[in-house]
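Trainee: Please work out how this folds:
(one chain, ligands or ions: 3)
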Amino acid sequence: MIDRLTLLRPDDWHIHLRDGAALQRTVADAGRTFARAIIMPNLVPPVRNTAEADQYRERILAARPAQSDFEPLMVLYLTDKTSAQDIKAAKASGFVHAAKLYPAGATTNSDYGVTQLEAIYPALEAMSAVGMPLLVHGEVTHADVDIFDREKRFIDEQLIDLVARFPNLKVVLEHITTADAAEFVSSASANVAATITAHHLLYNRNHMLAGGIRPHFYCLPILKRNTHQEALLDAATSGSSKFFLGTDSAPHAQNAKEIACGCAGCYTAYAAIELYAEAFEQRQALDKLEGFASHFGADFYGLPRNQDSITLLREPWTVPDSFAFAEQELIPLRAGETLNWRVLGAQA
Ligand SMILES: NC(=O)N[C@@H](CC(=O)O)C(=O)O
Ligand SMILES: [Zn+2]
Ligand SMILES: [Zn+2]
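Mentor: Ligands and ions are numbered 1, 2, ... in the order given. Below is the predicted model of the structure:
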């Protein structure tokens with residue numbers, strides 16, 4: 001049995017840090033083990049241009065604990081109005097690394113999102129030209145499409161066409177949740193990749209719905225049946241460079257989760273790499289964790305790999321019941337339960 005695992009320092013290619021007082025918690029957690037993270041722009045209002053990304057980046061940098069060299073990689077939120085010029089300016093900034101497509105209404109704070117893909121063709125053309133990846137929340141939003149089918153329908157009805165229309169555009173299908181998505185990405189060109197969360201590797205919809213409804217497992221895209229979970233485990237542990245780590249750690253205060261109409265999002269950043277290690281270990285694939293966590297994302301984004309390392313130890317510990325989160329409480333995924341892995345020198 002492996003009890004100690006040293007990895008090149010990992011990065012998180014999809015995280016929500018939120019803003020204001022929340023940053024104190026989220027930035028410390030992200031920077032605990034990750035050198036860099038792709039910062040999702042779905043604030044209210046969203047991060048739509050380079051000036052807004054610059055200001056948000058400064059707030060994140062200011063929230064870093066002393067000695068932290070955590071580097072936020074900023075992302076623009078695409079709207080129907082995003083222009084080719086917006087993309088060129090973002091690329092020129094050096095700190096904006098991607099732009100995110102939220103179909104309007106698909107998820108938390110997506111009201112400003114794109115209503116018709118045609119509206120962003122000029123922006124996508126510019127992204128393709130400057131080599132800026134398009135990050136996609138891949139779900140259709142029509143009320144009549146079953147929530148468990150929304151990812152597959154997005155792939156079939158929109159993504160296949162989009163990828164064919166912009167063959168040189170780098171595309172990351174974010175937080176994939178289905179065998180269909182894993183298959184689509186595997187068979188697409190080298191310009192198409194995907195992030196996979198720890199919670200979609202560790203859980204399926206039974207964990208959320210069988211024996212009681214558990215709001216802290218509710219996220220979007222929603223957890224699917226276990227055959228999809230197995231397909232995601234296959235993809236993540238395959239050694240394919242098309243699949244890499246993106247936690248989609250998405251905090252919402254306890255009172256916004258434990259309520260009649262609760263928000264979507266799981267908080268995993270406090271122990272992200274530990275949760276991934278648990279998932280990979282279930283497949284006896286700890287040897288595949290470093291590529292997934294520390295190599296493939298940087299390679300896809302055209303950024304250098306990190307140079308330092310972290311060490312995971314098999315050392316069971318109990319997750320706190322909650323964390324302070326601005327003026328409120330934040331319930332982490334696995335609150336009060338045991339995690340088997342711990343990062344040497346990093347405390348939750
Ligand atoms: N994943 C989620 O369930 N929620 C995310 C939004 C997103 O990534 O879709 C959030 O911002 O809360
Ligand atoms: Zn999303
Ligand atoms: Zn997200």
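
Trainee: can you list contacts of stretch 16-34?
Mentor: Stretch 16-34 is contacted from outside by 9-12, 15, 37, 39-40, 42-43, 56, 59-60, 63-65, 68-70, 72, 248-251, 265, 269-270, 272-273, 310, 323-327, 330, 343, 346, 348, using C-beta atoms under 8 Å, 6 or more residues apart in numbering. For the C-beta atoms, the positions are set from N, CA and C on the backbone; glycine is no exception.

Trainee: which element is the spatially closest residue to Leu5 that is not a sequence neighbour on?
Mentor: In this structure, Leu5 finds its nearest non-sequential neighbour in Leu312, 4.5 Å apart by C-beta to C-beta, 6 or more residues apart in numbering. Leu312 belongs to strand 309-318 when assigned by DSSP states H and E.

Trainee: List the buried residues in that strand.
Mentor: 310, 312 (16 or more other C-beta atoms under 10 Å).

Trainee: My read is that Ile15 contacts Arg36, right?
Mentor: No - between Ile15 and Arg36 there is no contact under C-beta atoms under 8 Å: 10.1 Å.

Trainee: between the two, which one's more packed in?
Mentor: Counted by other C-beta atoms under 10 Å, Ile15 and Arg36 do not tie: Ile15 has more neighbours, with 26 against 23.

Trainee: Please report the distance of that one from Ile176.
Mentor: Here Ile15 is placed at a distance of 16 Å from Ile176 (C-beta to C-beta, to the nearest Å).

Trainee: What's the separation between Asp69 and Leu7?
Mentor: Separation of Asp69 from Leu7 (C-beta to C-beta) stands at 17 Å.

Trainee: Neighbour count for these two, which is higher?
Mentor: Comparing Asp69 with Leu7 by other C-beta under 10 Å, the one with more neighbours is Leu7, at 22 against 9.

Trainee: So the more buried one lies in a strand, does it not?
Mentor: Yes - per DSSP: H, G, I helix; E, B strand; the rest coil, Leu7 lies within a strand segment.

Trainee: Show me what counts as buried in the longest helix seen in the chain.
Mentor: Looking across the chain with DSSP state H, the single longest helix is helix 50-62. By 16+ other C-beta under 10 Å, the buried positions in helix 50-62 come out as 50, 52-53, 56-57, 60.

Trainee: again with stretch 41-51
Mentor: By 16+ other C-beta under 10 Å, the buried positions in stretch 41-51 come out as 41-43, 46-50.

Trainee: could you dump those to CSV with distance to ligand 1 and pLDDT?
Mentor: Formatted as CSV, the buried residues of stretch 41-51 follow (distance: C-beta to the nearest ligand atom, whole Å; pLDDT from 0 to 100):
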residue, distance to ligand 1, pLDDT
Pro41, 10, 98
Asn42, 5, 97
Leu43, 9, 97
Pro46, 11, 97
Val47, 13, 98
Arg48, 16, 97
Asn49, 20, 98
Thr50, 22, 98
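
Trainee: Run through those residues and flag the ones next to ligand 2.
Mentor: Residues of those in contact with ligand 2 (C-beta under 5 Å from the ion): none.

Trainee: Tell me the one of the residues you listed nearest ligand 2?
Mentor: Ranked by distance to ligand 2 (C-beta to the ion), these are led by Asn42 at 7.9 Å.

Trainee: Tell me the spacing between that closest one and Lys100.
Mentor: 8 Å.

Trainee: can you check Arg283 too?
Mentor: Counting by C-beta to C-beta - Arg283 and Lys100 are separated by 30 Å.

Trainee: Could you do Ala193 as well?
Mentor: Here Ala193 is placed at a distance of 15 Å from Lys100 (C-beta to C-beta).

Trainee: With neighbour numbers in mind, choose between Arg283 and Lys100.
Mentor: The neighbour comparison of Arg283 against Lys100 (other C-beta under 10 Å) goes to Lys100, with 25 against 15.

Trainee: and the nearest residue to that one once chain neighbours are set aside, how many neighbours does it have?
Mentor: Leaving out its chain neighbours, the residue that sits closest to Lys100 by C-beta to C-beta, 6+ apart is Leu135, at 4.5 Å. Using other C-beta under 10 Å, Leu135 has 27 other residues around it.

Trainee: What is the burial count for the residue of the chain found nearest ligand 2?
Mentor: Ranked by C-beta to the ion, the top residue of the chain for proximity to ligand 2 is His137, at 3.6 Å. Counted with other C-beta under 10 Å, the neighbours of His137 add up to 25.
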